[in-house]
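> quick one, structure for this:
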Amino acid sequence: MRKTPLALFLLTLATGAAAADRSDITIYRSDDASLFANDGSHAQTGYAMVREPRSLNLVAGVHDAHLAGLPLYLDPEALSLQFDDAKTTVVSQRLQLAQGGVARVSDLVGRKVDVLGNQGDVILSGMLRSAGDVLQIQQGDNTVLVHDYVAVRATGDVDGGTRLDLRVDAPRAGAAAAQLSYVTGGLGWRASYIGTLADGSGCRIALQSRASVANRSGSDWHDAQLTLIAGEPRLDKPAAAPMMAMAFRGKAADLPQQSTVGDYRSYRLPEPVDLPDGTVSLLPLYAPKSIACERTALYETGGGYQPPQPMTQPSIMVDGPTNVVGTLTFRAFDSLPAGYLRVLARDDRGAAQVIGESRIEDTPKDGEVKLTLGNVFDLRAKRERTAFHVDREGRTMDEAFRLTFSNAGDSARTITVREHPSRWRSWTLASSSLKPTVSTADTLGFAVKVPAHGSATLDYAVRYTWTADDQPQ
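Predicted coordinates for the structure are as follows:
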C-alpha cells in the first residue's frame, strides 16, 4: 500500500474517532477485477484505512510486545499505535510481513508451543520467542535454538497475516487499551446496480443500488463501522472467494448516510457489518427507485476525429458496422458512484432475464447515464458509398451514402442514426432523403422508421470545402 498526503491526513483525523468497542474502516472505490473474482485467492489491490481497538498485556518498563492477525498488505509507513494512557509509549515498531509457512509460525511468538520431529515426537516445549529457519525457545531461564524441526504445535487458533513487533515503555503492568491505525490493500468496493425494465411500450426502470464490498486481505472484521468513499483520489504509491450476498428490505433510515469528504462522496453505513476474508458483501446504497428512461436502437459510424487537413483519399471512411446497438438512457436520481448495471427484462413467462450489462461512471445528481446493452438481434444495417468526387481547384469534395436497414422482428422499429462527417471540419449537408434530427459541427442525426419484416433506406450527401491554406498535398 502507500502513504499519501490524503491518507496521512485522514489517518490523523480519524485516529480517535472509532467507537471504543469496534473497528472503524474507510474503504475506497476500486475497479480492479481481482478483488471481486470468485477464485478464493487474496488480492493486493484496493485501498482502505482501518482504525481498530487493541488490548495488550504489558509489563512495567521497556519490553517487547506483539500484535498478530493483521492484514497481508499493510503499508508500514502509514501504521500507528497509540495507547489510551499517554504515559505508555511505543519506542519502536517493526512490521513482520507474512511469507508463507514461516509467517504462520511467527504468529505463535509469545505462546507456549511443542516443536515436533520427524516421527511426530515432541523435541522441545516452551515459549516461542522468535521464528524462522531457527526457532528460539525459552524454557525457564534457558534459551534453546532449534535448527531442524518438522512442525510446531500450539493450543487454540493461529492468527494469520502480518505481525507487528513493538518495543513499549509502560509505567505499570497489566492490560492496556490502544488504538491501532493503518492503511491496507485487499479491501475495495464498487457500486452494483440491478435495473428491471417495466412491461409495456413505455420505458421505466426499477433500480436497485448496492455497494459491493470485497475483502481479500487475509483478515476478518466483525461488527465494523464502515464508510465508503466514492470518487478517484490520487494515490501515487503502488498497492503493496466464495461470494456472500445479503438482500435488503429495510427502511430509508437503515440506508447509508451520504456526505462529502473533500472533493469526494462518502457513504457511512448506519449499522456495523461483518467483513469475513474471501467474501464480497452486498450492502444497500439507496432504496429501490422507479425512474423514467429511454431505449434507443442506435446505428453510429465514425467519431469526433478532425484531421489536420482535408482527407481526399477515396478508400478511407467508407464501410460502417452491420449491427444496430441497443442503448438505455436515464437521469441519475442522486449521486451514483461508478459500478456496473445489469439490466433485466421479463420474458413471455414473466421471468426476469439479463438483456445487457454496462458500466456506470461516477455520475452527479441529474447527470445523464447512457448504457450500451448489446446488438439488437432483429435489426441489420448496410452502408455503401454512392458518390465521391474531389475538385482540387475548386477546393470542394462531395460524398454520398446509402444506408439500408432491415427488420426481421414482428414490430416496427425506429433506428437512431448518427453519422460523423470527418474528412474535414468544414462541411454542409447537400441533400438527404429524410430531414435530420441532429446537425452539429461533427454529427448528423436521423430517425429511420423500419417496418416489421421489412426494410428502409436513408440517402444523404455532404460537401466539404477548404481554403488555399488548408489545401491537401
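> for the helix or strand containing Y28, give the mean pLDDT please.
Assigned by DSSP states H and E, Y28 belongs to strand 24-28. Strand 24-28 carries an average pLDDT of 94.
> can you give me how far it is from the chain middle?
14 Å (Cα atoms, centre = their mean, to the nearest Å).
> give me the buried positions along that strand.
Within strand 24-28, the residues that count as buried by 16 or more other Cβ atoms under 10 Å are 24-28. To be clear about C-beta, it is placed using only N, CA and C from the backbone, and glycine gets the same treatment.
> check stretch 256-271 too.
Of the residues in stretch 256-271, those buried (16+ other Cβ under 10 Å) are 256, 261, 264-267, 269.
> now, those that are in strands?
Among those, the members falling in strands (DSSP state E) are 261, 264-267.
> now the residues you listed in CSV, with pLDDT?
Listed next are these as CSV, based on pLDDT from 0 to 100:
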residue, pLDDT
V261, 70
Y264, 78
R265, 80
S266, 86
Y267, 89
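> what helix or strand is the closest residue to S212 other than its chain neighbours on?
Spatial nearest neighbour of S212, excluding adjacent residues (Cβ to Cβ, 6 or more residues apart in numbering): S192 at 4.2 Å. Element membership for S192, per DSSP H and E: strand 187-197.
> V273 against S281, yeah?
Yes - with contact defined as Cβ atoms under 8 Å, V273 counts as touching S281 (6.8 Å).
> between these two, tell me which one has more neighbours.
Comparing V273 with S281 by other Cβ atoms under 10 Å, the one with more neighbours is S281, at 20 against 16.
> show the end-to-end separation of stretch 272-284, please.
With Cα to Cα, to the nearest Å as the measure, stretch 272-284 spans 13 Å from end to end.
> buried ones in it?
272-273, 275, 277-284.
> what does stretch 360-374 give?
Quick answer for stretch 360-374 (16+ other Cβ under 10 Å): 360, 362-363, 369, 371, 373.
> before we move on, what about stretch 130-143?
130-131, 135-137.
> among these, which are located in strands?
Using DSSP E, the buried residues of stretch 130-143 in strands are 130, 135-137.
> D148: which of the residues you listed is nearest?
For these, the closest approach to D148 (Cβ to Cβ) belongs to L135, at 10.0 Å.
> can I assume the residue nearest to S212 is in contact with A211?
Yes - in this structure, S192 is within contact of A211 by Cβ under 8 Å, at 7.1 Å.
> what sits in contact with each of those two?
Listed as contacting both S192 and A211 by Cβ atoms under 8 Å, 6 or more residues apart in numbering are L282.
> next, count neighbours for the closest residue to N375 other than its chain neighbours.
Closest residue to N375 apart from its sequence neighbours, by Cβ to Cβ, 6+ apart: N323 at 4.2 Å. N323 has 14 neighbours, counted by other Cβ under 10 Å.
> same question, the one 5 residues further on
Around L328 sit 22 other residues, with neighbours defined as other Cβ under 10 Å.
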